[in-house]
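Chemist: 3D model of this:
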Amino acid sequence: MEIALLSSEQEVAIKEDAMLDNEYTSLGKKVVQGENVDTNLMITDQVLIWKVRINAPQAMRKYVMKSEHDTNIARHFGRDRTL
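Modeler: The predicted model follows:
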């Protein structure tokens with residue numbers, strides 16, 4: 001997902017949660033200072049990006065997993081129908 005594809009509410013929520021996440025802000029500082037250990041990490045519009053994916057702060061990860069897993073497209077129809 002590109003940062004440009006986020007709604008303004010989603011972008012604000014990520015930035016607010018990122019400020020409260022010590023691990024996220026520490027990693028962001030390392031990227032800015034050129035000390036990052038992963039060359040796939042970068043910062044775009046104050047949001048950590050890994051390869052082409054947004055690195056969500058810890059507080060948002062459960063929400064992201066639930067919202068992406070529980071859609072009609074992503075979910076399965078139970079064990080019997082899947083088999």
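Chemist: C-alpha from now on. contacts and neighbour counts both.
Modeler: OK.
Chemist: What number of residues are in the vicinity of Met60?
Modeler: 14 (other Cα atoms under 10 Å).
Chemist: is it true that it lies in a helix?
Modeler: Yes: counting by DSSP: H, G, I helix; E, B strand; the rest coil, Met60 is part of a helix.
Chemist: right, and it touches Glu16 too?
Modeler: No: applying Cα atoms under 8 Å, one finds Met60 not in contact with Glu16, separated by 10.4 Å.
Chemist: Tell me where this structure has helices.
Modeler: Under the criterion DSSP state H, the chain contains helices at 8-20, 22-32, 58-69, 79-82.
Chemist: quick one, which of these is nearest to Leu41?
Modeler: helix 22-32 (7.1 Å; Cα to Cα).
Chemist: Off-centre distance for the closest one?
Modeler: 14 Å (Cα atoms, centre = their mean, to the nearest Å).
Chemist: Stretch 37-55 too?
Modeler: 9 Å.
Chemist: quick one: buried residues of that stretch?
Modeler: 41-42, 47-49, 54-55 (16 or more other Cα atoms under 10 Å).
Chemist: Looking at the residues you listed, which are in strands?
Modeler: Members of these lying in strands (criterion: DSSP state E): 41-42, 47-49, 54.
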